[in-house]
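>>> compute the structure for the input listed below.
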Amino acid sequence: MRLCRAAALLLCLVLAECGGAILPPYESVPPPISEQAQRIAAADGTSVRVAICYNAFTTTAERVRAIAQESCGAGTVPRPVGRDFRLTNCPLLEPARATFACVKS
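As a prediction, the model looks like this:
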């Protein structure tokens, strides 16, 4: 029994070490926002939003922010606006979804 647990732990550590190649973060669909929030976002220039699915054990915050920056494009800066862990949004092995508003820099 202990050997099985040790093997499972070792496998998790190996996957975490190699996680950048095995479970890369990727752009996803941002969550919907209310009409009032849409009006506010349009008024303050943050109507463009991006979301990134990732595994918190294998991906750094810097990598998530870099992907958000690529998705937002030149002349903007990604500002974090939310994070969720719903499996309907992202797959089981990458359950975290960070949402960013693209703010003009």
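>>> next helix or strand past the helix or strand of the chain with the lowest mean pLDDT?
In the chain, the helix or strand scored least confidently by mean pLDDT, DSSP states H and E is helix 19-22, which has a mean of 58. As assigned by DSSP states H and E, the chain's next helix or strand after helix 19-22 is strand 26-28.
>>> for the helix or strand just after that next one, C-alpha coordinates in PDB please.
Next helix or strand after strand 26-28 toward the C-terminus (DSSP H and E): helix 35-44. C-alpha atoms of helix 35-44 as PDB (Å, rounded to 0.1, in the frame of the first residue of the first chain):
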ATOM      1  CA  GLU A  35     -25.300  44.400 -19.200                       C
ATOM      2  CA  GLN A  36     -24.400  46.900 -16.500                       C
ATOM      3  CA  ALA A  37     -20.800  45.600 -16.300                       C
ATOM      4  CA  GLN A  38     -20.600  45.700 -20.100                       C
ATOM      5  CA  ARG A  39     -21.600  49.400 -20.100                       C
ATOM      6  CA  ILE A  40     -19.000  50.200 -17.400                       C
ATOM      7  CA  ALA A  41     -16.400  48.200 -19.300                       C
ATOM      8  CA  ALA A  42     -17.200  50.100 -22.500                       C
ATOM      9  CA  ALA A  43     -17.000  53.400 -20.700                       C
ATOM     10  CA  ASP A  44     -13.600  52.800 -19.100                       C
END
